[in-house]
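Trainee: Next one to model:
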Amino acid sequence: ETMNPSFPDDQRLKAAAAIIESAERAIDLDPATPSAWSILASVYEPDGLMPDPAKRRAVIDRLAVVAPNSPLTALHTTGADLSAGRLGAVIERARELAEIPEAEQSAIDMLITALAREGRLDEADAWLRARVDATPLASPPLGSLVILLQQTGRVDEAEALLKERLAAHPADRRPTRLLEDLWRRTGRAELACTSGRQRLAAYPEGVRRSLQLAALDIECGDDRTAMATLRTLTEDPDALPAPQLLEAILLAQRLDAFTRGRDEFVLAMCDRYAAKQADVPMQVTTARALASTRLGRPDTESLEVIGRAMWTSEGGDSSLEGADHWILLASVLSDAYRPDLGAEALRRRVLDGPPLHADAQLRLATAAMAIDASSGDADSSIAFMRRLLERLGPWPPAATMTGVSTDESRALLWLSTIHALVGEDRGAAKVLEEVIRIDPESAMAKNNLGYALLTRGRLDAEVVDLIESAHRAAPDEPSILDSLGWLRYLQGR
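Mentor: Purely as a prediction, here's the structure:
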């Protein structure tokens, strides 16, 4: 159920919770059950059902206590040894772990890495060949051997090995895929494309094959054919279920900007997806907003879609992972020369959407201000900061800024650092001027503004007054002393 994206998110989350519960019950019954620990750890991996590094670490730590000799514990320990440079221990343990199917690929990768670091490439080559010869069908050692041969300049040998393997086991498709990957890595993309089309031609006709052919055409630079395939595939509004419609949308987004009708197609498919599925994923929202922007449609259209997205399961996710979906949306719009629209999307999520965890709120708000800073829009970031103060009180919660007397001047002084780091000096100067206007005694704002002007080549009375007045207010502040010293140097004093 968790692997089927056509199921509602709440059903998939319940299934994930059931997986965790079942694994925990299995561990209670027998703490040495390896599959239960593997399942539990995989749930929390970065690409797992419920990514959570802290929980995954906790699972590994528990496993090390109750089952110190388990493969999962050994893999984790081996990885730590590899990072620490304990290569002898890695080589010894990885050889043993490679005999365990669920640990084979990771163990092989660590073994070959350790042998290569010790300069024992011949030994790595011999070990992999022995593994391949002992395996009736292609397996992880074959892929690792091909990469090793390529990296050591033996591309022809790698190609011959794969062709020999394919001739011996024609039903095994893995050598073909490895051969195509090898051709791509060695500048022979045309061979890989021809092989890929021949391979897919043998697949049963249907939606799956059409999508795979479109993906291959895009990879091979034939965007026109890919667009034609996608159009044919989506002619019938009811032919594609939501998951495959999403795949078609994502493929269309990869098409070259000069592909005729690309954005109109994406827009239509996103609307069709929304008609099929009420809970629209952020990928569809992002694709639609981008297509609408490229077509020059009114911003109100994109903002309406963005507003609805805040109340979907992904768009309304209050965690850092949920925040990352929004930052990706804003980045895509910024790359399409609409940073203002990207920043506005983030502002609306923070101010108008469901409550966020504190760390997610800080990430989104900071990202919005950074986008404003990068485009020199100090006014929007100042207005946003004031709305945050009205809505949330002192903000950002953990910021400590010296030389200011009010929450507003503290917040704006913090904002000026974002403009200084990400944007132009003019944006930071505008924010600092606003701090001084509302808090005339702010020594740090005067110092920062004076120093910024100084680095832009100004040495007039205003700059001198800013730095000297900051020094009079805070004579022992190191950063102010630094500015004053630089000023005196430039004055020849």
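Trainee: Distance check, the nearest residue to Val155 once chain neighbours are set aside against Gly153.
Mentor: Taking Cβ to Cβ, 6 or more residues apart in numbering, and ignoring the residues beside it in sequence, Val155 has Thr186 as its nearest neighbour in space, at 5.5 Å. Glycine gets a C-beta too; all of them are placed from N, C-alpha and C. Shown here: Thr186 relative to Gly153, a distance of 11 Å by Cβ to Cβ, to the nearest Å.
Trainee: contacts for the helix or strand encompassing Asp379?
Mentor: Here Asp379 is covered by helix 378-392, with elements defined by DSSP states H and E. Residues external to helix 378-392 that are found in contact with it (Cβ atoms under 8 Å, 6 or more residues apart in numbering): 340, 343, 347, 350-351, 365, 368-369, 372-373, 395, 407-408, 411-412, 415, 418-419, 426-428, 430-431, 434.
Trainee: Buried subset of those as a ChimeraX selection?
Mentor: Selecting only the buried members of the contacts of helix 378-392 in ChimeraX, with burial defined as 16 or more other Cβ atoms under 10 Å, works like this:
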select :340,343,347,350,351,365,368,369,372,373,395,408,411,412,415,418,419,427,428,430,431,434
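Trainee: So for Thr186 and Gly153, which sits in the more crowded spot?
Mentor: Each of Thr186 and Gly153 has its neighbours counted (other Cβ atoms under 10 Å); Thr186 has more, 15 against 8.
Trainee: so that one makes contact with Asp156?
Mentor: No: at 10.0 Å, Thr186 and Asp156 do not qualify as touching, with contact defined as Cβ atoms under 8 Å.
Trainee: Need the overlap of contacts for the two.
Mentor: Jointly contacting Thr186 and Asp156 under the rule Cβ under 8 Å, 6+ apart is no residue at all.
Trainee: count of residues packed around Ala378?
Mentor: Neighbourhood size, Ala378 [other Cβ under 10 Å]: 25.
Trainee: List the buried residues in the biggest helix by length in the chain.
Mentor: In the chain, with assignment by DSSP state H, the single longest helix is helix 9-29. When burial is assessed from 16+ other Cβ under 10 Å, helix 9-29 yields the following buried residues: 12-13, 15-16, 19-20, 23, 26-27.
Trainee: tell me which element Glu45 is part of?
Mentor: For Glu45, there is no enclosing helix or strand under DSSP H and E.
Trainee: how about it, what does it touch?
Mentor: Each residue near Glu45 by Cβ under 8 Å, 6+ apart is listed here: 51, 56.
Trainee: thinking in terms of the whole chain, how far from its middle is the helix holding Asp379?
Mentor: Going by Cα atoms, centre = their mean, to the nearest Å, the spacing between the C-alpha centre of helix 378-392 and its chain's C-alpha centre is 27 Å.
Trainee: and what of stretch 342-357?
Mentor: For stretch 342-357, the gap between its own C-alpha mean and the chain's C-alpha mean amounts to 19 Å (Cα atoms, centre = their mean).
Trainee: how about it: buried residues?
Mentor: When neighbours are counted by 16+ other Cβ under 10 Å, the buried residues of stretch 342-357 are found to be 342-351, 353, 356.
Trainee: just the helices in the stretch 301-450 of the chain please.
Mentor: Using DSSP state H, counting those that start in this stretch, the helices of the stretch 301-450 of the chain run over residues 320-335, 339-352, 358-374, 378-392, 407-422, 425-438, 443-455.
Trainee: Just the buried positions in the third one, please.
Mentor: Taking 16+ other Cβ under 10 Å as the basis for neighbour counts, the residues of helix 358-374 that come out buried are 360-374.
Trainee: same deal with the shortest one?
Mentor: Residues of helix 443-455 classed as buried by neighbour count (16+ other Cβ under 10 Å): 443-454.
Trainee: And those, which is closest to Ala268?
Mentor: When these are compared for distance to Ala268, the smallest value, 48.9 Å, is given by Ala452; criterion: Cβ to Cβ.
Trainee: Contacts only, for the closest residue to the closest one other than its chain neighbours.
Mentor: Spatially, and ignoring its direct neighbours in sequence, Ala452 is nearest to Asp425 (5.0 Å; Cβ to Cβ, 6+ apart). Under the criterion of Cβ under 8 Å, 6+ apart, the contact list for Asp425 reads 452, 455-456.
Trainee: What helices and strands are in contact with the longest helix of the chain?
Mentor: Under the contact criterion of 3 or more Cβ pairs under 8 Å, 6 or more residues apart in numbering; DSSP states H and E, the helices and strands touching helix 9-29 comprise helix 34-43.
Trainee: Could you rerun that using 10 Å?
Mentor: Applying 3 or more Cβ pairs under 10 Å, 6 or more residues apart in numbering; DSSP states H and E, we find helix 9-29 packed against helix 34-43, helix 53-66.
Trainee: which stretch among the ones you listed comes nearest Thr400?
Mentor: Proximity of these to Thr400 was assessed by Cβ to Cβ; the nearest stretch is helix 53-66, lying at 26.1 Å.
Trainee: Mind checking the pLDDT average for that closest one?
Mentor: Throughout helix 53-66, pLDDT has a mean value of 81.
Trainee: residues of that helix that come out buried?
Mentor: For helix 53-66, burial by neighbour count (16+ other Cβ under 10 Å) applies to 55-56, 59-60, 62-64.
Trainee: Which one of the residues you listed is nearest to Leu82?
Mentor: Proximity of the buried residues of helix 53-66 to Leu82 was ranked by Cβ to Cβ; the top entry is Ile60 with 15.6 Å.
Trainee: can you tell me how far the closest one sits from Ala126?
Mentor: With distances defined as Cβ to Cβ, the gap from Ile60 to Ala126 amounts to 33 Å.
Trainee: Repeat that for Glu159.
Mentor: In this view, Glu159 and Ala126 are 20 Å apart by Cβ to Cβ.
Trainee: Quick one, which of the helices and strands packed on helix 9-29 gets closest to Tyr489.
Mentor: Using Cβ to Cβ as the criterion, the shortest distance between Tyr489 and those is 47.6 Å, found for helix 53-66.
Trainee: on contacts alone, who are the packing partners of the closest one?
Mentor: Packing partners of helix 53-66 (3+ Cβ pairs under 10 Å, 6+ apart): helix 9-29, helix 34-43, helix 71-84.
Trainee: Distance to Asp181 and mean pLDDT for these - can I get that in TSV?
Mentor: Rendered in TSV, the data for these read as follows (distance: least, Cβ to Cβ, whole Å; pLDDT from 0 to 100):
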stretch	distance to Asp181	mean pLDDT
helix 9-29	31	83
helix 34-43	25	81
helix 71-84	25	83
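Trainee: Which among the ones you listed is found nearest to Val266?
Mentor: Closest to Val266 of the helices and strands packed on helix 53-66 is helix 9-29 (Cβ to Cβ; 22.8 Å).
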